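1. Sequence and computational prediction follow.
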Amino acid sequence: MSLQSPFISTAKPFLRALRGETIIPPPLWLMRQAGRYLPEYRQVRARVHSFLELCYSPELAAEVTLQPIRRYGFDAAILFSDILVVPDALGQPVTFHEGRGPTLERLKNKADVTRLSLEKFISSLAPVYKTVQFLAQTLSPTVALIGFAGAPWTVAAYMIEGGGSKDFAHAKLWSLGQGPMEQLMELLTEATIRHLLAQIAAGAEAVQVFDSWAGVLPENEFLQFVVNPTKKIVERIHKTYPTIPIIAFPRGAGIQYKIFVKETGVQAVSLDSSVPLMWAAKYLQPYATIQGNLDPIALFAGGNNMLKRVQRIIDVLSHGPFVFNLGHGIVPETPLEHVAELVKYIRLCGVR
Ligand code: CP3
């Protein structure tokens, strides 16, 4: 069965850019645009006991999704949730500690993986889809709604390590055969597909797949655990929703961004700040919309130095399909005025 999302609108500049149009000034949103740098977010966050409670409360999650849109008028809203709701819903509970990041009881062996189950997966995540539904009905006609998931490799890495890690040594050992990696990746690829399809069915107009730790893998494992699962995800989503744009963020992939774009068939690729702009314009932009890639620390720094870097990104990338964004998530200490300054500058570009 092939379904058209009933929510697609060509009036939205962000979606037009994802479909290959060159748009000046470029559409704009920022990774982690909802979060601790916003006082209105901290206020809502203080009303709940845990971060996950916020993710699973449709009204509050929708409210914090909309906060950055109200304040800055971004072209896209990204669902407020987290990539780690997937292990949580598969039966590996996740907790978030203030200032310490997420923790999970780490997967140690095949029995631990076998215990995970897709049975209650979609029903556990029902509040997330309710949030999407609510947002799809609420957003203004020019603002697009982005759904998302973590890529299987990055989510597996947190599940195997039991949280963040300096070197992801355990996860890499599994990728080298010292753990039931194939079984885990198969489960996570299926879970990711179902999670994204449910968000699209609820009204997400584009989806982003975050592979934050793609860059720690050598060539062979990069192809096996980053490129291949992403390719499967793209194929399965397009089987049901052929026109839904898919953005991928294989952070730290370096020159492997090129083979990633060629092999996966994604419509857009989000660049981390280390990717040279001219190289991206030449080798990636003919095949996919580019999203990125201002260093979040340049945004934190602000001033002319930031604006010079913004201008260079626009100069090099706005001759083709392009969405302005950061190279990674906004840092919580970022001054509000710097974000306002960035938005104002980009809105005026092309009229200069
Ligand atoms: O505004 C948005 O971008 C939408 C919401 C969103 C969050 N996390 C909210 C969040 C998105 C898209 C994510 C993705 C995410 N989560 C990634 C991929 C992108 C990346 O940053 O590389 C990863 C690796 C995670 C896992 C995660 N979630 C970590 C490591 C942490 C702790 C670090 C931190 O910043 O505190 C989180 C917590 C988290 N996710 C917060 C927010 C707003 C902060 C928690 C809080 O408010 O108490």
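-> Received, thanks.

2. residue contacts, the residue of the chain found nearest the ligand?
-> The ligand sits closest to Ser212 of the chain, with a gap of 3.2 Å, by C-beta to the nearest ligand atom. In this view, the C-beta of every residue, glycine as well, is placed from N, C-alpha and C. Residues near Ser212 by C-beta atoms under 8 Å, 6 or more residues apart in numbering: Ile83, Gly150, Thr154, Phe249, Arg251, His328.

3. Name the nearest residue to the second one, sequence neighbours excluded.
-> What it means is Gly150. Leaving out its chain neighbours, the residue that sits closest to Gly150 by C-beta to C-beta, 6 or more residues apart in numbering is Ile83, at 2.9 Å.

4. Name the residues of the longest helix along the chain that come out as buried.
-> Using DSSP state H to define each element, the chain has its longest helix at helix 181-202. For helix 181-202, burial by neighbour count (16 or more other C-beta atoms under 10 Å) applies to 181, 184-185, 187-202.

5. How about that helix and the ligand, touching?
-> No: applying C-beta under 6 Å from any ligand atom, one finds helix 181-202 separated from the ligand by no less than 12.0 Å.

6. Show the average pLDDT along that helix.
-> Helix 181-202 shows a mean pLDDT of 98.

7. Over to stretch 14-29?
-> Averaged across stretch 14-29, pLDDT comes to 97.

8. Could you pull out the buried residues of that stretch?
-> Across stretch 14-29, burial judged by 16+ other C-beta under 10 Å covers Phe14, Leu15, Arg16, Ala17, Leu18, Arg19, Ile23, Pro25, Pro26, Pro27, Leu28, Trp29.

9. how about the residues of the chain that lie near the ligand?
-> Proximity of the chain to the ligand, by C-beta under 6 Å from any ligand atom, involves residues 31-36, 45, 51, 78, 80-84, 96, 101-102, 148, 164, 210, 212, 329.

10. Which of those fall in helices?
-> Short answer: those in helices (DSSP H) are Arg45, Phe51.

11. Buried among the residues of the chain next to the ligand? Need that as a selection in PyMOL.
-> To isolate the buried members of these in PyMOL, using 16+ other C-beta under 10 Å:
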select buried, resi 31+32+33+34+35+45+51+78+80+81+82+83+84+96+102+148+210+212
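
12. quick one: which of the residues of the chain next to the ligand sit in strands?
-> Residues of the residues of the chain next to the ligand located in strands (DSSP state E): Ile78, Phe96, Gly101, Pro102, Phe148, Phe210.

13. Lowest pLDDT pick from those?
-> Per-residue pLDDT puts Gly101 lowest of these, at 90.

14. phi, psi of Val234?
-> Backbone torsions of Val234, given as degrees, to the nearest 10, read phi -60, psi -50.

15. do the same with Leu326
-> Dihedral pair for Leu326: phi -90, psi 170, per degrees, to the nearest 10.

16. mind checking how far it is from Gly302?
-> Distance, Leu326 to Gly302, by C-beta to C-beta, to the nearest Å: 13 Å.

17. More neighbours: which of the two?
-> Leu326 (27 against 17; other C-beta atoms under 10 Å).

18. any chance you could map the strands in this protein?
-> Along the chain, the segments classed as strands by DSSP E run 76-78, 94-97, 101-104, 144-150, 206-211, 246-250, 268-270, 289-294, 322-326.

19. nearest to Ser57, of the ones you listed?
-> strand 94-97 (14.5 Å; C-beta to C-beta).

20. Report all helices and strands that that closest one contacts.
-> Applying 3 or more C-beta pairs under 8 Å, 6 or more residues apart in numbering; DSSP states H and E, we find strand 94-97 packed against helix 51-55, helix 85-90, strand 101-104.

21. Quick check: which of the ones you listed has the most neighbours on average?
-> Mean neighbour count (mean count of other C-beta atoms under 10 Å) peaks for helix 85-90 among these, with a mean of 22.

22. what's in contact with that one?
-> By C-beta under 8 Å, 6+ apart, helix 85-90 touches 52, 55-56, 94, 104, 116-118, 120-121, 124-125, 128, 149-150, 155, 158-159, 187-188, 191-192, 195.

23. Find out how far stretch 56-68 is from the centre of the chain, if you would.
-> Offset of stretch 56-68 from its chain centre (C-alpha atoms, centre = their mean, to the nearest Å): 17 Å.

24. Looking at it now, give me its mean pLDDT.
-> Mean predicted confidence for stretch 56-68 is 98.

25. Tell me where the stretch 201-350 of the chain has helices.
-> Secondary structure of the stretch 201-350 of the chain (DSSP state H, counting those that start in this stretch): helices located at 219-222, 228-240, 256-264, 277-283, 296-301, 303-317, 336-348.

26. Isn't Pro152 up against Pro229?
-> Yes: if you go by C-beta atoms under 8 Å, Pro152 and Pro229 touch, sitting 4.4 Å apart.

27. And these two? Which one has more around it.
-> Of the pair Pro152 and Pro229, Pro152 is the one with more neighbours under other C-beta under 10 Å, namely 28 against 23.

28. Kind regards, and thank you for your time.
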